[in-house]
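**Q** Pasted the sequence and its predicted model underneath.
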Amino acid sequence: MSVKITGLGIENVQRVHAFDYTFDENGLTIIGGDNRQGKTTTLRSIAATLGGGKFSLTDAVNDEAVAAAQSRGEDEIAEGWSEATLSNGIVVRRTFLSDGRVRLRVTGPDGRGNQSLLNEFICEFALNLPAFLNATAKKKAALLLESLDIDLTPFEERISAIFKEREDIGRDKTKAEGHLKSLPYHQEMGTELKSAVELTDRLEEIRQRNRANADHRELLQKLRSQAKDLVNDIANQTEHIEELEGALQEAKDRLADMNTSKEELVTSGKALADGVAELEDLDPAPVQLEITQLDQHNGMIQHNLDYEKAQDELAEYTDQYAGKTADLAQARQAKLDLLAGCNDWMEGLTVEDEELLYQGKAWDSMSHADQIIVGIDIVSKINPEMGFVLVDTLEALDLASLERLNSYLQERALQGIGTRVSTGPECTLIIDEGRIDDLPTA
């Protein structure tokens, strides 16, 4: 059974002079009144009484009590107090002295207690719901995660790292796409490069054969020249026969030898001439054209190979990008699983980019009434043992929203104590000049 406030007494605390009221355990109690009458002081007194140090009051004792004490003597210390009676049988009384000291008395069914006993069922957020509601989305998320003892830092760092990696891959992928688009591609050519070795060998054979042919022609020309010279020599020798009577026989022998050589030379020259006549030079132009065409062919093939390589790189970057996207989703899901696994009540609530979301919507996209209800739902479930919540400044809600809030509290068996600048019939009680006035009539 969650703890509720059944009774509250306040005396001489800030704007409140005398307050004594018994609360309903479920539903909404609205403390109404004009400005500066003590409404907010009442809620602050409850928070200071039950919450302790974080909710301590500055100049807690009101001026009238201080003045009355001083009139009794210079050393007199004024005091004010606030006492809350709880549904679990614990009575908490906190006395505030004008010299700044505070006394706490906790009395329960089992005897005396202290602030640690109260902390077992007190939820800090419930004592000051507006502070939670008015915090930034990131602050709400931080407060909620801190209360649940959840550290999302590793998940956020992992998500940030994956996002950065995916961003880098995305830039490389964009570059790869641009590079691929800039490359030519020849669909009909395929990707098989041709070798120039065979053509080069053929060209070399042609050149060697042509060089050999040229050598034969040159040799024939030399033989013809030698034959011509030999004919001239024979003529000269014949002319000198008469002059060389004494050496006639020698000349005849020599002439015979020369005639023999001539016949041999003529025979060899004729045979060579017949062979040279049959020689046919080959045209290297077709092979040279093939080599030129081969360079063009292989150039286009290289284009295709570059294109396919760029395609492969793009596909690799695309796969890497998709992988990082999957990793990012997995990391985010792991964070959501951690949040979802903390408490059943986390359904509908999550933290995304360090901001608190409800039903996938940002906090400021909800109406103020919805924010209050969701806020109450959050703080009540952070510590289910605390069955009440304090809500200041309810004047932002219209009457229908107030009734909806009251119905919500009734359905959840929760107690809400709020304030509203109003003296209308929607108020449960009116405080005037720090005292409870007559209840409003419908």
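**A** It's in. Numbers count the residues shown, from 1 in each chain.

**Q** do you know how far residue 22 is from residue 308?
**A** Using CB to CB, to the nearest Å, we find residue 22 at a distance of 85 Å from residue 308. C-beta here means a position set from N, CA and C on the backbone, and glycine is covered the same way.

**Q** the more surrounded of the two?
**A** Legend: neighbour count by other CB atoms under 10 Å for residue 22 and residue 308, higher for residue 308 (14 against 10).

**Q** Report pLDDT for that one.
**A** pLDDT recorded at residue 308 is 87.

**Q** next one: residue 98
**A** Reading off the model, residue 98 has pLDDT 90.

**Q** quick one: it and residue 62 touch, right?
**A** No: counting by CB atoms under 8 Å, residue 98 stays clear of residue 62, with 9.6 Å between them.

**Q** Mind checking which of these two has more residues around it?
**A** Neighbours per residue, other CB under 10 Å: of residue 98 and residue 62, the larger number sits with residue 62, 23 against 20.

**Q** got the contact list for that one?
**A** Going by CB atoms under 8 Å, 6 or more residues apart in numbering, residue 62 touches 12-17, 80, 434.

**Q** Residue 129 versus residue 289, what's the distance?
**A** Counting by CB to CB, the separation of residue 289 from residue 129 is 92 Å.

**Q** More neighbours: which of these two?
**A** residue 129 (23 against 10).

**Q** mean confidence for stretch 321-337?
**A** The average pLDDT within stretch 321-337 is 82.

**Q** same check, this time on stretch 183-202
**A** 83.

**Q** how about the most centrally placed residue in the chain, what does it touch?
**A** Centroid check for the chain by CA atoms, centre = their mean gives residue 163 as the closest residue, at 2.6 Å. By CB under 8 Å, 6+ apart, residue 163 lies in contact with residue 328.

**Q** Am I right that it is in a helix?
**A** Yes: Residue 163 sits within a helix when classified using DSSP: H, G, I helix; E, B strand; the rest coil.

**Q** so who does residue 318 touch?
**A** Applying CB under 8 Å, 6+ apart to residue 318 gives the contacts residue 173.

**Q** For it, pull up the helix or strand it's in.
**A** Using DSSP states H and E, residue 318 sits in helix 285-342.

**Q** Now find how far off-centre that helix is within its chain.
**A** What separates the centre of helix 285-342 from the centre of its chain is 23 Å, taken as CA atoms, centre = their mean, to the nearest Å.

**Q** just stretch 243-262 next, same as before
**A** 113 Å.

**Q** Pull it out as PDB, backbone CA atoms only.
**A** The C-alpha trace of stretch 243-262 is given here as PDB (Å, rounded to 0.1, in the frame of the first residue of the first chain):
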ATOM      1  CA  GLU A 243     102.300  -5.900-126.300                       C
ATOM      2  CA  LEU A 244     102.800  -8.800-123.900                       C
ATOM      3  CA  GLU A 245     104.100 -11.300-126.400                       C
ATOM      4  CA  GLY A 246     106.800 -12.400-124.100                       C
ATOM      5  CA  ALA A 247     104.200 -13.100-121.400                       C
ATOM      6  CA  LEU A 248     101.700 -14.500-123.800                       C
ATOM      7  CA  GLN A 249     101.600 -17.900-122.400                       C
ATOM      8  CA  GLU A 250     101.300 -16.600-118.900                       C
ATOM      9  CA  ALA A 251      98.600 -14.200-120.000                       C
ATOM     10  CA  LYS A 252      96.800 -17.000-121.800                       C
ATOM     11  CA  ASP A 253      96.900 -19.100-118.600                       C
ATOM     12  CA  ARG A 254      95.700 -16.200-116.700                       C
ATOM     13  CA  LEU A 255      93.000 -15.500-119.200                       C
ATOM     14  CA  ALA A 256      91.900 -19.100-119.100                       C
ATOM     15  CA  ASP A 257      91.700 -18.800-115.300                       C
ATOM     16  CA  MET A 258      89.800 -15.600-115.600                       C
ATOM     17  CA  ASN A 259      87.400 -17.100-118.200                       C
ATOM     18  CA  THR A 260      86.800 -20.000-115.800                       C
ATOM     19  CA  SER A 261      86.100 -17.500-113.000                       C
ATOM     20  CA  LYS A 262      83.900 -15.500-115.300                       C
END
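
**Q** Check what contacts that stretch and list those residues.
**A** Counting by CB under 8 Å, 6+ apart, 227, 230-231, 233-234, 237, 240-241 sit against stretch 243-262.

**Q** At which residues are the helices of the stretch 151-300 of the chain located?
**A** Using DSSP state H, counting those that start in this stretch, the helices of the stretch 151-300 of the chain run over 153-182, 197-239, 248-278, 285-342.

**Q** who wins for proximity to residue 121 among these?
**A** Closest approach to residue 121 among these (CB to CB): helix 285-342, 19.7 Å.

**Q** So what angle separates the directions of that closest one and helix 197-239?
**A** 160 degrees (axes from the mean of the first three to the mean of the last three CA atoms, to 10 degrees).

**Q** before we move on, back to that, possible to save the contacts of stretch 243-262 as TSV with pLDDT?
**A** Compiled in TSV, the contacts of stretch 243-262 are given as follows (pLDDT from 0 to 100):
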residue	pLDDT
227	86
230	86
231	85
233	84
234	84
237	76
240	74
241	70
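
**Q** Closest to residue 406 out of the residues you listed?
**A** Proximity of those to residue 406 (CB to CB) peaks at residue 227, which lies at 139.3 Å.

**Q** one step back: tell me the spacing between the residue nearest to the centre of the chain and residue 169.
**A** As defined by CB to CB, residue 163 lies at a distance of 11 Å from residue 169.

**Q** same thing with residue 239?
**A** Going from residue 239 to residue 169 by CB to CB gives 102 Å.

**Q** Among the two, which residue is more densely surrounded?
**A** Higher neighbour count among residue 239 and residue 169: residue 169, with 21 against 10, using other CB under 10 Å.

**Q** Need the phi and psi values for residue 19.
**A** phi -140, psi 130 (degrees, to the nearest 10).

**Q** swap in residue 395?
**A** Phi and psi for residue 395, reported as degrees, to the nearest 10, are phi -70, psi -10.

**Q** Can you report how many residues lie near it?
**A** The tally of other residues near residue 395 (other CB under 10 Å) stands at 14.

**Q** Could I get the contacting residues of it?
**A** Residue 395 makes contact with 420-422, according to CB under 8 Å, 6+ apart.

**Q** thought residue 382 was touching residue 123?
**A** Yes: assessed by CB under 8 Å, residue 382 is found in contact with residue 123 at 5.5 Å.

**Q** Please say which of those two ends up with more neighbours.
**A** residue 123 (22 against 18).

**Q** isn't the more buried one right up against residue 383?
**A** Yes: using CB under 8 Å, residue 123 is in contact with residue 383, at 4.1 Å.

**Q** now residue 138, what's its secondary structure?
**A** When classified by three-state DSSP, residue 138 comes out as helix.

**Q** per-residue pLDDT, it?
**A** So, for residue 138, pLDDT stands at 76.
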